[in-house]
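Visitor: 3D model of this:
(one chain, ligands or ions: 1)
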Amino acid sequence: MTQTAEIIIIGGGVIGCSIAFNLAAKGMTGVVLLEQGVLGSGATGRSTATVHTHYSTEVLARLAWQSLQIFRSFDDIIGVGTARGQSGFTETGHLVFAGRDRNSQIKHNVELQQQVGARTSIINQVDAVGIAPGFQLDDCEAISYEPLSGYADASGTTLAFASRARQLGVRTELMTTATGLEIDQGKISAVLTSQGRISTTRVIITPGAWSRDFLLPYGIDLPLQVSRHEVASFKSPVGKSQLGERPSTTSNKLPAVSDLINQTCFRPEAGDLVLVGSAEPQDSQEPITDPAIYGQRQTQSFIESVWRRLVNRMPMMENAEYKTGFAGLYTSTPDRHPIMDRLESSSGMDGLFLCTGFSGHGLTLAPAVGRAMAALVLNDDSPFIEPPVDISQLRLSRFLPGATADRIFPFSDQNDVII
Ligand SMILES: Cc1cc2nc3c(=O)[nH]c(=O)nc-3n(C[C@H](O)[C@H](O)[C@H](O)COP(=O)(O)OP(=O)(O)OC[C@H]3O[C@@H](n4cnc5c(N)ncnc54)[C@H](O)[C@@H]3O)c2cc1C
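Guide: You can find the predicted model right below:
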């Protein structure tokens, strides 16, 4: 194993791999990525990977819009040939359904998204039925529609970033756990791993649900909570054709949906399957204390509850056949925005970068997050197809006593940041 590195990325999910690619694409050498298992084996491999731009704050809307553009031209921008895997981005369009109580908020969100350049608009029920035939929309007071959004292949995206990063010189060390940091006179001097010590002066923390525990021994208590979320898939009883007519330029007929009234998000999967998740955590009474130990299988209560809520919106799913389900972990900050930061030298951890807490939107944001983190590391904001998004609002200091997080993200409760 390598013994020195310019920079070490701890965690090989979609975030770590996107950063690795972006650093290498900027010309950085000596980049090492450590992954305790295999790439994408954390939350990434359990993601439903819906890709959209419906966010309620400017910083997330900008990251999402830039990411969507990258997803849409993934191979051109990332430089990945088919042999090395692709993002699997599929355009389906994305609808948001909300009731009267959220009418003004949805309008505000859409205006904000339009201001950052995203293709989205408020539509009426008649137009929505044209996009999603057979849907029951009587309770929808506010509907927004993004024609360019869709979903990706979470593992494919991660492996594509990683394989291009490797091609550009990044070393990916799999089955290698970072066990600690060595700090010398207030500066990072090495990462200790299950395979030995690697000297370095810079470290990026991207281990998802493991982030908080990893940094606690160094007096850094990240405000992260880990929660369990389930996904279920149902086979439509009516076949592909009645899931909805879509323009022939799109490969799937059912649009992706965030249904705020029924608290579901769903999208098509492999022909006539519908993949349904929920922003609400399951088992919220039982906080996850060890991300390696949680119920990864579906529960009967979730299947019944999410199926009922899906039928509220899609009555034709009344006789749907349940196929399969699984669970994964969200890692969330109190305001549901990630932490993207470089710690001040006064922290006693000079050289430490944070990029974690992506809740239910890490896949959507990953392409732009990698770009922004590379710029932060390299202190470089020169154009790279498009300049990186300003992420200064996402600093850890917003959670310190006396900070003004509420004023930075006035709409950012769990339901307002659509996930
Ligand atoms: C059920 C579900 C559905 C979701 N749906 C969506 C969606 O539709 N759209 C969307 O945008 N997002 C969605 N998400 C969220 C998205 O999947 C995550 O935000 C994203 O995958 C986080 O990526 P990450 O790289 O930060 O973390 P992870 O993917 O968890 O990666 C962290 C990696 O670090 C490794 N690691 C941990 N500790 C160490 C260590 N000490 N040394 C070395 N390696 C270590 C882990 O093994 C892991 O592979 C969903 C999540 C879940 C669970």
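
Visitor: In PDB, could you pull the C-alpha coordinates for the helix ranked longest in the chain?
Guide: If you go by DSSP state H, the chain has its longest helix at helix 362-378. Only the C-alpha atoms of helix 362-378 are listed here, as PDB (Å, rounded to 0.1, in the frame of the first residue of the first chain):
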ATOM      1  CA  GLY A 362     -26.500  13.100  -1.900                       C
ATOM      2  CA  LEU A 363     -26.900  11.400  -5.200                       C
ATOM      3  CA  THR A 364     -28.600  14.300  -6.800                       C
ATOM      4  CA  LEU A 365     -26.000  16.700  -5.600                       C
ATOM      5  CA  ALA A 366     -22.800  14.600  -6.000                       C
ATOM      6  CA  PRO A 367     -21.500  15.900  -9.400                       C
ATOM      7  CA  ALA A 368     -21.600  19.500  -8.300                       C
ATOM      8  CA  VAL A 369     -20.400  18.700  -4.800                       C
ATOM      9  CA  GLY A 370     -17.300  17.000  -6.200                       C
ATOM     10  CA  ARG A 371     -16.600  20.100  -8.200                       C
ATOM     11  CA  ALA A 372     -17.100  22.500  -5.400                       C
ATOM     12  CA  MET A 373     -15.000  20.500  -3.000                       C
ATOM     13  CA  ALA A 374     -12.100  20.200  -5.500                       C
ATOM     14  CA  ALA A 375     -12.200  24.000  -5.800                       C
ATOM     15  CA  LEU A 376     -12.100  24.400  -2.000                       C
ATOM     16  CA  VAL A 377      -9.200  22.000  -1.700                       C
ATOM     17  CA  LEU A 378      -7.200  23.600  -4.500                       C
END
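
Visitor: Are the regular element (helix or strand) spanning Asn312 and the ligand in contact anywhere?
Guide: Here Asn312, judged by DSSP states H and E, is contained in helix 300-313. No: using CB under 6 Å from any ligand atom, helix 300-313 stays clear of the ligand, coming no nearer than 11.0 Å. No exception for glycine: its C-beta is placed from N, CA and C like everyone else's.

Visitor: Report the buried residues of that helix.
Guide: Within helix 300-313, the residues that count as buried by 16 or more other CB atoms under 10 Å are Phe302, Ile303, Ser305, Val306, Trp307, Arg309, Leu310, Val311, Arg313.

Visitor: can you check stretch 178-196 too?
Guide: Ala178, Leu181, Ile183, Ile188, Ala190, Val191, Thr193.

Visitor: Just these: which are in strands?
Guide: Among those, the members found in strands (DSSP state E) are Ala178, Leu181, Ile183, Ile188, Ala190, Val191, Thr193.

Visitor: outside of the helix holding Asn312, which residues touch it?
Guide: Helix 300-313 is touched from outside by 97, 135-137, 230, 232, 234, 257, 259, 261-264, 266, 274, 276-278, 282, 317-318, 320, 322, 325, with contacts defined as CB atoms under 8 Å, 6 or more residues apart in numbering.

Visitor: Sort out which of those are in strands and list them.
Guide: Filtering those for membership in strands, criterion DSSP E, returns 97, 230, 232, 234, 257, 259, 264, 266, 274, 276-277, 322, 325.

Visitor: and the residues you listed, which are buried?
Guide: With neighbours counted by 16+ other CB under 10 Å, these contain buried members at Phe97, Glu230, Ala232, Phe234, Val257, Asp259, Thr264, Phe266, Val274, Val276, Gly277, Gly325.

Visitor: Okay, the fifth one and Met28: tell me how far apart.
Guide: Which is Val257. 40 Å (CB to CB, to the nearest Å).
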